[in-house]
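Colleague: Below are the sequence and a predicted model; questions follow.
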Amino acid sequence: MPDALETNLPRYHHFVLLLWEERDATGMHVTWRFSLQDSQKEERIGFKSMKELSAYLNKWMEIPSEET
């Protein structure tokens, strides 16, 4: 269990954001894709849109620090 001093520290977390452009057979832009690599858990999560990425991060920020 964290002591009182630890619970007053700001919450920091490190993600590596990868983004890439998908193109069709003619080389025209189709869409952007995204993934986050969680540096603490060594897991990667993919997203089909900025909206999905944003929703994930908003939900993640609502989780108490002790559970992340």
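Modeller: Arrived safely. Because the structure is predicted, anything quoted here is derived from the model rather than measured.

Colleague: State the phi and psi torsions of the most centrally placed residue in the chain.
Modeller: Most central in the chain under CA atoms, centre = their mean is Leu36, positioned 4.3 Å from the mean C-alpha point. Here is the backbone geometry of Leu36 (degrees, to the nearest 10): phi -120, psi 130.

Colleague: Verify the contact between it and Glu52 for me.
Modeller: No - with contacts counted by CB atoms under 8 Å, Leu36 stays clear of Glu52, the gap being 10.7 Å. Using the backbone N, CA and C atoms, a C-beta is placed for each residue, glycine as well.

Colleague: What pLDDT does the model give the residue with the largest distance to the centre of the chain?
Modeller: The C-alpha centroid of the chain is most remote from Thr26, which lies 31.0 Å away (CA atoms, centre = their mean). Predicted confidence (pLDDT) for Thr26: 96.

Colleague: any idea how far Trp20 is from it?
Modeller: 18 Å (CB to CB, to the nearest Å).
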